[in-house]
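Peer 1: all I have is the shape, not the residue letters:
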């Protein structure tokens, strides 16, 4: 498979928040961008989001090399170095899109999915060129969170994964190599293990949502900025962790369905900021303030992490 990354032109399918923030990463790295968004009334909002994200990355948004397209058939396929799918998390939608893309894309063009949980092996099932299909899972907000999971499917060429990891490093990201294509990959499995325990605690009346959030943000979560969970235990002492694990593991949540605290909120239509209420209540003004605070905190954290990131 030839090195198509030399073309320095990428396509993003899906002009939502993830797609536009990923576009900003490539633009900041000197790439041209093509965005496929069927709903043309969303184009202006997509361009505005890209400009804002590019500016947050310290680059001028005045002359961004972006072309918008309503359908993948209009992409300049022979000019592209990589394509990243960022459409909704529905397996059949993604399967249909990848089948279409296989018909249009040159054989050398890597086709990646930004899916946060669906295995690329399932998305590409039955296709002829599965070796050039992989997962590139960014974390929201994609332009601010350094890590990107590079996910190898059961048929993915390992050399392609190495090349994509190098591409991510060249764009200032931190690639996380996931060698087995399991649901949720690596980071989301870790996140969901924590979330399962957090919501189980709410179910059990052990703590409020506010106290759980405070325990993570101002307690052990702060340490994760400096060291991941494995390194942190090396620092603290594996014997101490092992002894604590023997005490706690038998009582940790092991439920195989979402907690009542979570599923009841969803059933009631209380989905968080987008509906005005989740575990917290939101007005448009308070949601905007919190999002701004959140992104400002991430920018501060990013400054602390820069010495450990690709230069």
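Peer 2: Happy to help now that I have it. Just so we're clear, the structure is a prediction, and the values are computed from it rather than from any experiment.
Peer 1: what is the burial count for the closest residue to residue 87 other than its chain neighbours?
Peer 2: Sequence neighbours aside, residue 14 is the residue nearest to residue 87 in space, at 4.5 Å (criterion: CB to CB, 6 or more residues apart in numbering). C-beta: built from backbone N, CA, C; applies to glycine. Using other CB atoms under 10 Å, the number of residues around residue 14 comes to 21.
Peer 1: was I right to think residue 14 contacts residue 39?
Peer 2: No. Contact criterion CB atoms under 8 Å: residue 14 and residue 39 do not qualify, at 10.6 Å.
Peer 1: give me the phi and psi for residue 36.
Peer 2: Phi and psi for residue 36, reported as degrees, to the nearest 10, are phi -100, psi 120.
Peer 1: same question, the one 3 residues further on
Peer 2: Summarising the backbone geometry of residue 39 under the convention degrees, to the nearest 10, its torsions are phi -90, psi 100.
Peer 1: what of residue 67?
Peer 2: According to degrees, to the nearest 10, residue 67 has phi -120, psi 130.
Peer 1: can you tell me how far it sits from residue 169?
Peer 2: Using CB to CB, to the nearest Å, residue 67 is found at 26 Å from residue 169.
Peer 1: please apply the same query to residue 60.
Peer 2: For residue 60, the distance to residue 169 - CB to CB - is 24 Å.
Peer 1: those strands in the chain, which residues are they?
Peer 2: Secondary structure of the chain (DSSP state E): strands at 9-13, 32-36, 66-69, 82-85, 111-113, 133-138, 147-151, 174-178.
Peer 1: could you dump the ones you listed into CSV and include mean pLDDT, mean neighbour count and distance to residue 281?
Peer 2: Output for the strands of the chain, formatted as CSV (pLDDT from 0 to 100; neighbours: other CB atoms under 10 Å; distance: least, CB to CB, whole Å):
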stretch, mean pLDDT, mean neighbour count, distance to residue 281
strand 9-13, 97, 26, 34
strand 32-36, 97, 23, 34
strand 66-69, 97, 17, 37
strand 82-85, 98, 24, 35
strand 111-113, 98, 24, 35
strand 133-138, 98, 26, 29
strand 147-151, 98, 23, 31
strand 174-178, 97, 18, 35
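Peer 1: domain parsing for the protein?
Peer 2: For the chain, automatic domain parsing gives the domain ranges 4-178, 187-256, 260-293.
Peer 1: which one, of those, ends up nearest to residue 309?
Peer 2: Proximity to residue 309 (CB to CB) singles out domain 4-178 among those, at 5.7 Å.
Peer 1: and the end-to-end length of that closest one?
Peer 2: The first and final residues of domain 4-178 sit 22 Å from each other (CA to CA, to the nearest Å).
Peer 1: quick one on the thing from earlier: dump the strands of the chain into a markdown table; add distance to residue 271 as well.
Peer 2: Below are those laid out as a markdown table (distance: least, CB to CB, whole Å):
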| stretch | distance to residue 271 |
| --- | --- |
| strand 9-13 | 25 |
| strand 32-36 | 26 |
| strand 66-69 | 29 |
| strand 82-85 | 24 |
| strand 111-113 | 24 |
| strand 133-138 | 22 |
| strand 147-151 | 25 |
| strand 174-178 | 28 |
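Peer 1: quick one: which of those strands is nearest residue 267?
Peer 2: Nearest to residue 267, of all those, is strand 133-138, at 28.1 Å by CB to CB.
Peer 1: comparing residue 60 and residue 169, which residue is more hemmed in?
Peer 2: residue 169 (15 against 9).
Peer 1: contact partners for the more buried one?
Peer 2: For residue 169, the contacting residues are 175, 310, by CB atoms under 8 Å, 6 or more residues apart in numbering.
Peer 1: quick check: the gap between it and residue 150.
Peer 2: Counting by CB to CB, the gap from residue 169 to residue 150 is 10 Å.
Peer 1: with residue 233 instead?
Peer 2: For residue 233, the distance to residue 150 equals 25 Å [CB to CB].
Peer 1: residue 55 now?
Peer 2: Distance from residue 55 to residue 150, counting by CB to CB: 27 Å.
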